[in-house]
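**Q** I'd like to go over a predicted model; first the sequence, then the structure.
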Amino acid sequence: MKRKWVYFLSDNLNIKDTDKLKGILGGKGAGLYFLARMGLPVPPAFIISTSACQYYLRNKKFPKGLLEEVYLGIKYLEKRTGKRFGNKDNPLLISVRSGAKFSMPGMMDTILNLGINDEVVKGIIRKTNNPDFAYDIYKRFIEIFSDVIFGIKREEFWKISVDDKEKTIEKYKELFYERAKKEFPQDPYECLKMAIEGVFNSWNNPRAKEYRKIYQIPEDLGTAVNIQAMVFGNWNERSGTGVLFTRNVKNGENKIYGEFLFQAQGEDLVAGHVTPLPLEVLKDKMPEIYSKLERYVKKLERKLKDVQDVEFTIEDGKLYFLQTRAAKRTPLAAVKIACDMVKEKLLTKEEAIMRISGEDIDYFLHPTFDPNYPLEIITKGKPASPGCAVGEIVLSAEKAIEIAKQNRKVILVRDFTKADDVAGMAKAEGFVTTTGGETSHAAVVARGMGKPCIVGCSEIDIDFENKILKIKDIILKEGDKISINGATGEIIKGEVPLIKSEFPEELKLLLSWAEKIAKMKVRANADTPIDAENAKKMGANGIGLARTEHMFFAKERIKYVQLMILAKDEKERKDILSKLLPFQKNDFKELFRVMNGLPVTIRTLDPPLHEFLPPKEKTEAINELAKELNIDKQVLIRKIEELEEHNPMMGLRGCRLGIIYPEITEMQIRAIFEAACEVKQEGIKVNLEIMVPLVSILEEFLFQKEIVENISKEVFREKGVKLDYKIGTMMETPRACLIAKELAKYADFFSYGTNDLTQFVFGFSRDDSPKFLVPYQQRKIINFEPFKTIDEKGVGSLILDSVLEAKRINKNIKIGICGEHGGDEKSILFARKIGMDYVSCSPYRVPKALLAAAQAEIILKKKKITQITTK
Ligand code: PEP
Ligand code: MG
């Protein structure tokens, strides 16, 4: 069958899956298609599919048959508009616009007003009797076409200043000739071919590539090309162009709002060079159009079940829609809209949960200004994206990258931003622009990135040459600190202290739905009572890992730990351990009290002992410590040397410590059970799990398990209390995974320590590997961060095999992850797929993990997968 490259808006495509439709027509094309199918006024258009672009990018030529289909498309536009392409008396002008499956605002190229030339412009003057309008169009076309196709920057044309419009065109063409060494093209069909190629090629321009990297958009999707009859917002005073959102994308309020410019084309609004008027002006000036607009866009939102970002143009009093797409919104708006749409029965709870992302949640963990700090507000702009940020002023995207590399925080201040600035914007804490409105590039990007942004700060005068900002009589230099509040538009001199913000009610509600939907539980890695409180507040379903060594580092304890390490024999060691016991016991009691009934997984001592002493070369620290502990300096140095290992991560650590020094495990286990029994007597529910680290031999586990059994019995006897508990092992060495079958006979649970497991499976040091993993990623040796996202192929495969083996032997065995991967979205989906019971991550990652666990459930349900049970 002949391949089809071009689709008309009037085609009935019969594709139910929006995602699939966007894959073919691109987001913009799909939006146009929906608008047309709903009977809304759309200028006629046809769309070149993304697959034609993919073909072009692979083969550096158009696919066979594409141009023939494009010419048929032009005929279709001519028929629908009654105009002729290239005809000077009744000319059809068209736009050639990019549009990928995933929205990449402003990243690729678009050409407007194509079809105009020296003859056609005269025809337009004759027809409209409006030379200003006709020359304005031609001027715009020369600028955009020269920029996109010939690389002659638009800014170069803007330097030409001639009052006479006709003469401006002459000057423009002269500049073109000078730079391109040929006449400005006059054949509209030639221009069309070049424009299509230009849009295809813009898929690979550096800013688009950078954007795809930031937003993880696949490289091979390509863009569609939308070819549409032009309508003119710059025609006369009954014309204009606008952008509107069907709800407020800053705070989620259910009210349309937007911006409008009379006698302008859409690009004027999006570029942000001019400050637009609020949409309400239309209510006064064109009330009928305003109410029509309101009615249409609400209908559109109901049909597409999401907030829409709509571009429209009014040509001589007639309304046209040019684009609709899901609106980029702030995290605040995202959660409110998701909740409201459930209440309005537009979305199910599951759909609402899929509408928010981990990054949205991150935003609420970001700080706000300390309300007690007096603010020295120097100026105010339009609040375009909420949040508070503090940083040094930088005046260019390049500078933002340079300074941020030194781990310094920056606020990018510009007159307006453009697509090339996105890499620098990604490095800044927030943005300020002196011009533009809420639909400007800076505002859209900020909302997409969840960063604070203030636009239209007209009081700021940027002197780029001297790198200073003048605000009335205040002068600030590049490098000076400012603070910005994207919710109020306030710019404050200096550094305002930041404090943690609260979760909005809507987010709490969404997370409560997530908790109900998720089958997998989310616990927290919490070592201290404060951590545990925080974990509980964040919604953790227990503690999945309490690293007991972290309790050792507190001021009054570390001394005993150090003395214990320095003890000359077992007796002395036991003596000192008995002094540590009350500290540990009290901490455990607090953990049990906070978690009251939820699981508390306590791991016995794990790190190599040298971590508790200063390194050999730190003489000053050694002298100080010797003095503090009242011991001979040489004894201390000898001990440090004795503990030195070539490969400490593979050395005397984990359960090996508890086997060489069983008294350490004995003390810890005694502290745990004494604490558990005592709080149980207070009426607290204890759900205790004891975990043995770094097991690779069954006998290691059994050795430690025996200590637990003996000590627990002793304590039960002493306290006259009994309680149930579980004992399990960490799975963090490859050998533990390989003998899962044996371990599962004796362990109540497995907790995968994916930090160490990744280290040992790859043979990559978890501390030093960034040195080569970063260049590895640049050289495409590896395309993910293995210490962040689980390596499904290698580490994951070992985990899956061991889980399946373990479950065969012990069907009640509980399985979880407590490495860093437990808070990573993709790893959580993997954990759910292989049937894990829980993940455990640091307290602040709990809400994100909860969302990911619910999303995993929804994704698997959609794919009709319950769980992987065989390999
Ligand atoms: C792990 O190795 O994944 C783990 C949780 O233990 P730690 O990070 O304490 O070594
Ligand atoms: Mg570990």
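**A** Thanks, I have the structure now. Ligands and ions are numbered 1, 2, ... in the order given.
**Q** tell me which element residue 625 falls in.
**A** Element membership for residue 625, per DSSP states H and E: helix 619-629.
**Q** which element follows that helix toward the C-terminus?
**A** helix 633-643.
**Q** Show me what that next one packs onto, helices and strands only.
**A** helix 555-566, helix 619-629 (3 or more C-beta pairs under 8 Å, 6 or more residues apart in numbering; DSSP states H and E). Quick note: C-beta positions are derived from backbone N, CA and C, even for glycine.
**Q** Mind listing what's buried along the first one?
**A** Counting neighbours by 16 or more other C-beta atoms under 10 Å, one finds that the buried residues in helix 555-566 are 557, 560-566.
**Q** Run through who's touching that helix.
**A** For helix 555-566, the surrounding residues in contact (C-beta atoms under 8 Å, 6 or more residues apart in numbering) are 551-552, 573, 576-577, 579-580, 583, 609, 612-613, 625, 628-629, 631, 635-636, 639, 643, 664.
**Q** List only buried entries from these.
**A** Neighbour-count burial (16+ other C-beta under 10 Å) is assigned, among those, to 551-552, 573, 576-577, 580, 583, 609, 612-613, 625, 636, 639, 643, 664.
**Q** ok, so of those residues, who is nearest residue 721?
**A** residue 583 (21.5 Å; C-beta to C-beta).
**Q** State the pair within the buried residues of helix 555-566 that is farthest apart.
**A** 557 and 566 (14.9 Å).
**Q** sorry, back to before: of the helices and strands packed on helix 633-643, which is nearest ligand 2?
**A** helix 555-566 (19.0 Å; C-beta to the ion).
**Q** Which helix or strand lies directly C-terminal to that closest one?
**A** Taking DSSP H and E, what comes next after helix 555-566 is helix 570-595.
**Q** and that next one, what does it pack onto?
**A** Using 3+ C-beta pairs under 8 Å, 6+ apart: helix 570-595 touches helix 529-537, strand 543-547, helix 548-552, helix 555-566, strand 599-603, helix 662-681.
**Q** what residues does the stretch 751-871 of the chain put near ligand 1?
**A** Residues of the stretch 751-871 of the chain found near ligand 1 (C-beta under 6 Å from any ligand atom) are 753-756, 818-819.
**Q** Format the residues you listed as TSV; extra columns: distance to residue 283, neighbour count and pLDDT.
**A** Output for these, formatted as TSV (distance: C-beta to C-beta, whole Å; neighbours: other C-beta atoms under 10 Å; pLDDT from 0 to 100):
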residue	distance to residue 283	neighbour count	pLDDT
753	62	30	97
754	57	29	96
755	59	16	92
756	64	24	95
818	58	29	96
819	57	29	93
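**Q** Export the residues you listed as CSV, with columns for secondary structure and distance to residue 330.
**A** Formatted as CSV, those follow (DSSP: H, G, I helix; E, B strand; the rest coil; distance: C-beta to C-beta, whole Å):
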residue, secondary structure, distance to residue 330
753, coil, 37
754, helix, 33
755, helix, 34
756, helix, 39
818, coil, 33
819, coil, 32
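**Q** Find the residue ranges of the stretch 401-550 of the chain scoring beneath the pLDDT cut-off.
**A** 448 (pLDDT under 70).
**Q** Also the stretch 551-700 of the chain?
**A** Judged by pLDDT under 70, no stretch of the stretch 551-700 of the chain qualifies at all.
**Q** Is it possible to get the helices and strands packed on helix 570-595 out as a markdown table so that each row also shows distance to ligand 2?
**A** Compiled in a markdown table, the helices and strands packed on helix 570-595 are given as follows (distance: least, C-beta to the ion, whole Å):
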| stretch | distance to ligand 2 |
| --- | --- |
| helix 529-537 | 18 |
| strand 543-547 | 9 |
| helix 548-552 | 11 |
| helix 555-566 | 19 |
| strand 599-603 | 9 |
| helix 662-681 | 17 |
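**Q** Dump the ones you listed to CSV, plus distance to ligand 1.
**A** Below are the helices and strands packed on helix 570-595 laid out as CSV (distance: least, C-beta to the nearest ligand atom, whole Å):
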stretch, distance to ligand 1
helix 529-537, 14
strand 543-547, 5
helix 548-552, 8
helix 555-566, 17
strand 599-603, 8
helix 662-681, 15
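**Q** nearest to residue 866, of those?
**A** Between those, strand 543-547 lies closest to residue 866; by C-beta to C-beta that is 23.5 Å.
**Q** how far off helix 570-595 does the closest one point, in degrees?
**A** Here strand 543-547 points in a direction 150 degrees away from that of helix 570-595 (axes from the mean of the first three to the mean of the last three C-alpha atoms, to 10 degrees).
**Q** Strand 543-547 pairs with which strands, and in what direction?
**A** strand 521-525 (parallel), strand 599-603 (parallel) (DSSP bridges).
**Q** what's the most buried one of these?
**A** Comparing these by mean neighbour count (mean count of other C-beta atoms under 10 Å), strand 521-525 ranks first with a mean of 28.
**Q** Other residues contacting it?
**A** 531-532, 534-535, 538-547, 599, 601, 816, 818, 822, 837-843, 846, 849-850, 853.
**Q** Check whether that strand comes near ligand 1.
**A** No: taking C-beta under 6 Å from any ligand atom as the criterion, strand 521-525 and ligand 1 are apart, separated by no less than 7.2 Å.
**Q** Say whether ligand 2 is contacted by that strand.
**A** No: interface with ligand 2: strand 521-525 contributes nothing (C-beta under 5 Å from the ion), its closest point being 11.1 Å away.
**Q** Name the SS class of the residue nearest to the spatial centre of the chain, please.
**A** The centroid of the chain falls nearest to residue 359 when counting by C-alpha atoms, centre = their mean (4.6 Å). Look at residue 359: counting by DSSP: H, G, I helix; E, B strand; the rest coil, its state is helix.
**Q** what's the burial count for the closest residue to it other than its chain neighbours?
**A** Nearest non-adjacent residue to residue 359, counting by C-beta to C-beta, 6 or more residues apart in numbering: residue 450, 5.6 Å away. If you count neighbours by other C-beta atoms under 10 Å, residue 450 ends up with 22.
**Q** Enumerate every residue touching residue 450.
**A** 330-331, 359-360, 362-363, 385, 387.
**Q** what are the phi and psi angles of it?
**A** phi 70, psi 30 (degrees, to the nearest 10).
**Q** Could you pull up the residues touching the closest residue in space to residue 791 that isn't next to it in sequence?
**A** Using C-beta to C-beta, 6+ apart and skipping the chain neighbours, the partner closest in space to residue 791 is residue 758 (6.6 Å). Neighbouring residues of residue 758 by C-beta under 8 Å, 6+ apart: 764, 766, 786-787, 790-791, 795, 819, 821.
**Q** beta partners for residue 840?
**A** Counting by DSSP bridges, the residues bridging with residue 840 are residue 523.
**Q** State the three-state secondary structure for whichever residue of the stretch 551-700 of the chain sits closest to ligand 1.
**A** Ranked by C-beta to the nearest ligand atom, the top residue of the stretch 551-700 of the chain for proximity to ligand 1 is residue 606, at 5.5 Å. Classification of residue 606 using three-state DSSP returns coil.
**Q** so who does it touch?
**A** Contacts of residue 606 by C-beta under 8 Å, 6+ apart are 547-549, 653-654, 657, 693-694.
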